[in-house]
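Visitor: next one to model:
(chains A and B)
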Amino acid sequence: MAVVHLDRKVPAEKYAHLGTGPVPIEPYISPAYYEREKKYIFKKVWQHVGREAEIPNAGDFLSVDLPASDASIIITRTKDGTLAAMHNVCSHRMNKIVYDERGSARKLYCKFHGWSYDLEGKLVGVPAEASFYGLDRAACALTPVSVDTWGGFIFVNVDPKPKQSLAQFLGPMYASLDGYPFHKLTVGYQWKTVVKCNWKLAMDAFQETYHVAFVHGPSIAAALRRDKGGAIVPIDGLIDDFHRRLGVAGDPRSVYGNPKAITESGSPAPASAGRPIADAALKLGRGGMNASFDESDRPPGLNWTNDPDWAFDINVIFPDFYLSLRPNYMQAYNFRPLSHNETLFDARVYYPEMTTAGGRLYQEYMKTALRDVLLEDCSTLERTQIGCESGAKTHMLLQEHEVMVRHQAWVVDRMIREGEAAEA
Amino acid sequence: MSATQLPRGFEDLEPFLPWAGETETVRNHYRIDRPQNEIETFASAIVTRLTAICEYLDAFPLNEMPDDARRLYYMMLSVAETAPSVEGYHAPSVPYGYDSRRFQAQEDFPLRPRY
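Guide: Next up, the predicted model:
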């Protein structure tokens, strides 16, 4: 399906396939539904697992647990500089080989009986090898997993034969972002928490702007643009068969809502009046970064409507990766399912490197503000899950600007139905 | 507390040395455990000095600060940590927010600035 614009000027028939009625909450609370998501989605699609820059040198590795795929995956930087991915399962008696989340090694050793593998997963060492019966080393490599990158993000797919390449999966929606300065955002901060809620419910809290005026009242609500009725609504939205995007407008007088705040000279933003720390961070931060950004860093897909007040785009890369792009930094969140009602929220933000004390003050200010905004976002998740599981209600009601919540539910359900139909 | 903990010219900030935590985790937990008036007292004592602090610290590369400058640097980062309390929430923690002790900063994330 082609990409569909959800601009308010576009007739609603364009996304009539999503419907307008109440949406069932069974998929958010049902262990059986989760098992179907595992089978038809998480064992089939590309999943984001980290940044290439986390493993820059030969021998560097990541290991990532993907419970919804019933898998643990090792991603290595090989000697020729490429990435390799394999199941974290020893060919001997299936023990997990890498226990640590990341590290660096010349070989990967199984801690059970000492079998060793090179960075591509080839079996290179077997203690007491002569005691085995005709062991064929070449047939005992670690089981490979498809791996590819986009914008410096690493994706893996545990399907032995993925239906689509990563480029085919992302291209229709995200090719217009090629040229975004991912490579200039070399510094990152990461937080992790296990939230007792369904992964879709967690993502839903981030893919609409209706909540901003309430959940973020004391923090960023004033930094986003309101319509004549006082509502914070997206500039536009895009959907395809998997992914979705929202463009969000800011108040250019605020620090958070003005993407140019730190890169352009001038007096501090008036909206920060009465906020001396914000003022100082902005003033002292100027000139403190090691990268510069200009129009060439703005591919056509960024702020695709060319709205003058544009602040950032939200990109939801199906199934569980949220990537918010701004001109000079980006937020990258994973809502990784652990069970039907547990989600690992792996939240990261990437900035350019700061080279001065003032630059670091500004970055610390922005990062701290973001972290506390995320604490606001997370505040509803477990409470909502409890409400869903209470049985008090069976459906949720969604307005037109919560269409991405509707779209996610639709995509998940469609993939399950298509998967089951293909087996029938 | 010895008078040599902070660089010359910043000795008056020594009462605030407990704010010079070395990591986001330490600085955040210190903040949310303080009463709001202590957070505000710290922030107002430092905020007017930030220009002078940055001027002083910029004499050193970020990774080669002597210990006294490093403490001043962490104290400066703590001002950023207090900003949401002082300029947004008017409370030590996010009101009705998710517990920040459960939202754990990954201090060993390889792309995190060392300083």
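Visitor: drop to CA atoms for contacts and neighbour counts, all remaining ones
Guide: OK.
Visitor: ramachandran angles for the closest residue to residue A:395 other than its chain neighbours?
Guide: In this structure, residue A:395 finds its nearest non-sequential neighbour in residue A:24, 4.3 Å apart by CA to CA, 6 or more residues apart in numbering or on different chains. Residue A:24 adopts backbone torsions of phi -70, psi 140, taken as degrees, to the nearest 10.
Visitor: how close does residue A:24 sit to chain B?
Guide: Residue A:24 is 26 Å from chain B, where distance means CA to the nearest CA, to the nearest Å.
Visitor: can you count the residues close to that residue?
Guide: Neighbour count for residue A:24, taken as other CA atoms under 10 Å in any protein chain shown: 13.
Visitor: give the contact list for it.
Guide: Counting by CA atoms under 8 Å, 6 or more residues apart in numbering or on different chains, residue A:24 touches A:394, A:395, A:396.
Visitor: which members of the residues you listed are positioned in strands?
Guide: The members of those that map onto strands under DSSP state E are A:395, A:396.
Visitor: give me the longest helix you can find in chain B.
Guide: helix B:67-84 (DSSP state H).
Visitor: distance from the chain centre to the very next helix or strand once past that one, please.
Guide: Under the assignment DSSP states H and E, the closest C-terminal helix or strand after helix B:67-84 is strand B:104-105. How far strand B:104-105 lies from its chain's middle: 16 Å, per CA atoms, centre = their mean, to the nearest Å.
Visitor: mean confidence score for strand B:104-105?
Guide: In this model, strand B:104-105 carries a mean pLDDT of 98.
Visitor: close to chain B, is stretch A:56-64?
Guide: No. Using CA under 8 Å from any CA of the partner chain, stretch A:56-64 never reaches chain B; the gap is at least 10.2 Å.
Visitor: nearest the geometric middle of the chain, what residue?
Guide: If you meant another chain, say so; for now it's chain A. Central residue of chain A (CA atoms, centre = their mean): residue A:321, 2.5 Å from the mean position.
Visitor: hm, I was asking about chain B
Guide: residue B:78 (1.6 Å).
Visitor: quick one, what contacts that one?
Guide: Contacts for residue B:78 were tallied using CA under 8 Å, 6+ apart; they are B:19, B:20, B:21, B:27.
Visitor: switch to 7 Å and redo it
Guide: By CA atoms under 7 Å, 6 or more residues apart in numbering or on different chains, residue B:78 lies in contact with B:19, B:20, B:27.
Visitor: I figured the first one hits residue B:73, correct?
Guide: Okay, so that is residue B:19. No. If you go by CA atoms under 7 Å, residue B:19 and residue B:73 don't touch, sitting 10.5 Å apart.
Visitor: quick one, phi psi at the residue lying closest to residue A:101 once chain neighbours are set aside?
Guide: Computed as CA to CA, 6+ apart, the closest residue to residue A:101 that is not its neighbour in sequence is residue A:63, at 5.0 Å. Main-chain torsions, residue A:63, degrees, to the nearest 10: phi -130, psi 140.
Visitor: run a quick neighbour tally on residue A:63.
Guide: 22.
Visitor: now do the contacts for residue B:43.
Guide: With CA under 7 Å, 6+ apart as the criterion, the residues that contact residue B:43 are B:79, B:82.
Visitor: how about 6 Å then?
Guide: Neighbour list for residue B:43: residue B:79 [criterion: CA atoms under 6 Å, 6 or more residues apart in numbering or on different chains].
Visitor: on the three-state scheme, it is what?
Guide: Local secondary structure at residue B:43 is given as helix here, using DSSP: H, G, I helix; E, B strand; the rest coil.
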